[in-house]
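**Q** how does the following fold in three dimensions:
(one chain, ligands or ions: 2)
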Amino acid sequence: MALTADTDTAPVLALAANWYTDPEVFAREQSAIFARTWQFACHDSELAKAGNYVTFAIGRVNLFAVRDRSGAVRCYHNVCRHRAHELVEGRGSRPFIVCPYHGWRYDLDGALKSAPGEDQVPGFDRACIRLREVRTEVFCGFVFVNLDADAEPMEAWYPGVEAELRAFVPGIDALHPIKQIPVEEACNWKVSVENYSECYHCKLRHPTFASGVIDPDRYDISPRGYCLRHTTVSAASGKMTYAIDAGNPHAGEYSSWYLWPAISFQVYPGSVLNTYLWRATSHDKVTVWRGWYTPGGAVSDAVDQLAQQDLDTTVAEDIGIVESVQRGLQSGSYEPGPLVINPQGGVMSEHSIAAIYGWLHEAMGEDRQA
Ligand code: FES
Ligand SMILES: [Fe+2]
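**A** Ligands and ions are numbered 1, 2, ... in the order given. Sure thing, here's the model as predicted:
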């Protein structure tokens with residue numbers, strides 16, 4: 001088979017290796033992708049009271065989320081308007097945001113309340129100085145930000161996803177995280193995302209998932225907006241590796257909603273919500289945070305068992321895959337191969353990978369060869 005894409009009938013080719021191995025591509029992605037898309041900040045339940053804050057970062061951009069006195073969640077750049085010291089660290093609670101360098105004091109709504117010595121400065125107009133706020137949405141209890149002030153709302157990026165999540169996970173707003181498990185992968189973030197976004201490898205590489213959690217033969221992935229919607233049903237009940245609560249009409253289904261570029265909501269059979277969050281730290285390293293949620297953060301033996309099974313099987317299996325792919329991409333010998341795309345979709349098709357390439361090219365504004 002000719003590995004070219006010169007005609008309409010030729011296969012779509014995988015991306016050139018430098019998309020995954022070049023630090024300059026990664027640097028361009030920071031402004032072209034991560035600064036212009038919706039990014040997970042924290043969970044709403046981590047900000048239970050006014051003044052509770054959580055810091056987070058999008059690449060080198062340091063931010064924090066805080067609940068203000070009206071009950072709204074706001075997100076700010078974690079940079080003092082005076083001489084740029086970081087304002088808060090980690091997580092905690094503050095009645096005001098007080099810069100540790102010279103003591104400028106900001107209210108939770110971002111307004112500068114006082115600056116030591118300001119009275120002696122002609123023309124110092126405190127009313128003009130506010131923390132730099134970023135676009136924030138609370139999406140089914142998950143706080144998201146977009147560094148692009150003109151970005152479309154999440155409903156426009158991911159049409160219908162919020163309503164579907166609410167149908168699949170009744171009471172989703174009352175969930176709290178019970179586990180946030182970091183998984184270190186020595187690969188480019190896109191290698192990990194692409195691996196997540198096809199199930200062509202599931203039967204071969206994920207025997208527990210493909211025989212004890214879901215039915216791989218019913219697996220399909222549909223692009224919608226900037227979302228990849230994964231659907232199938234649970235494994236035959238006698239093969240399930242855990243007991244499912246059949247009270248929800250969707251309890252027997254498996255669904256996931258991958259939201260370009262770096263988070264996915266998964267609902268395992270039994271309405272068990274869990275998340276994948278990709279935090280790229282360099283061109284060849286990514287931390288994948290596996291989050292698990294229960295109503296009010298209640299202890300759940302079933303979820304504990306499922307999270308551990310997931311870690312020991314699917315996650316461990318995927319680490320081996322993505323790190324092997326990264327080594328192949330870095331070998332200097334790789335030439336892009338053809339994607340296996342079935343026009344009918346289905347589990348044996350990589351049309352979802354082509355969708356990701358489309359979003360990548362749109363964001364980066366260049367042809368396939370970076
Ligand atoms: S840098 Fe924050 S008060 Fe000076
Ligand atoms: Fe996988």
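
**Q** and residue 262, how many neighbours?
**A** Using other Cβ atoms under 10 Å, residue 262 has 23 other residues around it. Backbone N, C-alpha and C define where each C-beta goes, glycine included.

**Q** that one and residue 278 touch, don't they?
**A** Yes - with contact defined as Cβ atoms under 8 Å, residue 262 counts as touching residue 278 (4.3 Å).

**Q** so what sits against both of those two?
**A** 189, 193 (Cβ atoms under 8 Å, 6 or more residues apart in numbering).

**Q** hmm, which helix or strand of this protein has the shakiest average pLDDT?
**A** The helix or strand of the chain with the poorest confidence is helix 207-212; it has a mean of 83 (mean pLDDT, DSSP states H and E).

**Q** show me what that one is packed up against.
**A** helix 202-205 (3 or more Cβ pairs under 8 Å, 6 or more residues apart in numbering; DSSP states H and E).

**Q** okay, the helix it packs on in PDB with CA atoms only?
**A** Output of helix 202-205 as PDB, limited to C-alpha atoms (Å, rounded to 0.1, in the frame of the first residue of the first chain):
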ATOM      1  CA  CYS A 202      -9.100  -2.500  23.100                       C
ATOM      2  CA  LYS A 203      -9.600  -6.200  22.500                       C
ATOM      3  CA  LEU A 204      -5.900  -6.800  21.900                       C
ATOM      4  CA  ARG A 205      -4.600  -4.700  24.800                       C
END
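
**Q** chain neighbours aside, what residue packs nearest to residue 48?
**A** residue 67 (7.7 Å; Cβ to Cβ, 6 or more residues apart in numbering).

**Q** any idea how far that neighbour is from ligand 1?
**A** 22 Å (Cβ to the nearest ligand atom, to the nearest Å).

**Q** please name the residues that touch that residue.
**A** So residue 67 contacts 47, 48, 49, 50, 51, 52, 53, 73, 74, 108 (Cβ under 8 Å, 6+ apart).

**Q** which of those residues are buried? Put it as a ChimeraX command.
**A** The following ChimeraX line selects those of those that are buried, judged by 16 or more other Cβ atoms under 10 Å:
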select :47,50,51,52,53,73,74,108
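
**Q** if we check ligand 1, which of the contacts of residue 67 are in contact?
**A** Restricting these to those touching ligand 1 (Cβ under 6 Å from any ligand atom) yields no residues.

**Q** how about the contacts of residue 67 in TSV, adding pLDDT and secondary structure?
**A** Output for the contacts of residue 67, formatted as TSV (pLDDT from 0 to 100; DSSP: H, G, I helix; E, B strand; the rest coil):
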residue	pLDDT	secondary structure
47	98	coil
48	97	coil
49	98	coil
50	98	coil
51	98	coil
52	98	strand
53	98	strand
73	98	strand
74	98	strand
108	98	coil
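
**Q** and the contacts of residue 67, which two are furthest apart?
**A** 48 and 74 (15.2 Å; Cβ to Cβ).

**Q** might one say that residue 87 is in contact with residue 99?
**A** Yes - in this structure, residue 87 is within contact of residue 99 by Cβ under 8 Å, at 5.5 Å.

**Q** could I get the contacting residues of the closest residue to residue 248 other than its chain neighbours?
**A** Closest residue in space to residue 248, ignoring its immediate chain neighbours: residue 271 at 4.8 Å, by Cβ to Cβ, 6+ apart. For residue 271, the residues meeting the contact criterion (Cβ under 8 Å, 6+ apart) are 168, 169, 170, 245, 248, 250, 251.

**Q** flag every buried residue along stretch 32-51.
**A** 32-34, 36-47, 50-51.

**Q** in helices only, show me those residues.
**A** Among these, no member falls in helices (DSSP state H).

**Q** quick one: the residue nearest the centre of the chain and residue 50, what's the gap?
**A** For the chain, the residue sitting closest to the mean C-alpha position, by Cα atoms, centre = their mean, is residue 263 at 1.9 Å. Residue 263 sits 27 Å away from residue 50, going by Cβ to Cβ, to the nearest Å.
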